[in-house]
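Chemist: Please work out how this folds:
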Amino acid sequence: MTLTEYLNQADPVRMPHVELEPNEYRIVASVNSACRTIQAVEVPALGMDYVKYEDENVLRVPDEDGNPRARSCFYLSPSK
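Modeler: Sure, this is the predicted structure:
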């Protein structure tokens with residue numbers, strides 16, 4: 001499902017697989033943790049910021065400290 005399809009759902013589906021195109025998000029920061037790099041991702045159309053591990057394409061909802069918590073339904077499209 002695309003972001004446009006997700007936003008225009010008449011009957012919302014719980015946890016669909018939504019692929020975000022490169023023009024729909026922005027990686028705003030990267031932080032190296034003990035074992036992995038965590039990236040802050042801004043998705044303007046949703047009015048939310050997410051976080052992701054650099055080696056994964058799924059966005060996660062951040063906890064109050066900005067650490068990755070629960071998986072979201074949003075995925076970054078692979079680079080082409």
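Chemist: Provide a list of residues in contact with the residue nearest the centre of the chain.
Modeler: Centroid-nearest residue in the chain, with Cα atoms, centre = their mean: residue 59, separated by 3.0 Å. Neighbouring residues of residue 59 by Cβ atoms under 8 Å, 6 or more residues apart in numbering: 20, 41, 43, 50, 51, 52, 71, 72, 74, 75, 76. (Glycine included, C-beta is placed from N, CA and C.)
Chemist: residues touching the closest residue to the third one other than its chain neighbours, list them.
Modeler: Translated: residue 43. What sits nearest to residue 43 in space, not counting adjacent residues and going by Cβ to Cβ, 6 or more residues apart in numbering, is residue 25, at 5.0 Å. The neighbours of residue 25, taking Cβ under 8 Å, 6+ apart as the test, are 41, 42, 43, 76.
Chemist: rewinding a little: element containing the residue nearest to the centre of the chain?
Modeler: Residue 59 is part of strand 58-62, with elements assigned from DSSP states H and E.
Chemist: Tell me how far that strand lies from the chain's centre.
Modeler: Relative to its parent chain, strand 58-62 has a centroid offset of 5 Å by Cα atoms, centre = their mean, to the nearest Å.
Chemist: Would you tell me which strand is longest in this protein?
Modeler: strand 68-76 (DSSP state E).
Chemist: Only alpha carbons, please: show that one as PDB.
Modeler: Provided in PDB are the C-alpha atoms of strand 68-76 (Å, rounded to 0.1, in the frame of the first residue of the first chain):
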ATOM      1  CA  PRO A  68      12.900   2.400  19.000                       C
ATOM      2  CA  ARG A  69       9.900   0.800  20.600                       C
ATOM      3  CA  ALA A  70       7.000  -0.800  18.800                       C
ATOM      4  CA  ARG A  71       7.100  -1.600  15.000                       C
ATOM      5  CA  SER A  72       4.800   0.600  12.900                       C
ATOM      6  CA  CYS A  73       3.100  -0.300   9.600                       C
ATOM      7  CA  PHE A  74       5.500   2.000   7.700                       C
ATOM      8  CA  TYR A  75       8.500   0.700   5.700                       C
ATOM      9  CA  LEU A  76      11.000   2.600   3.600                       C
END
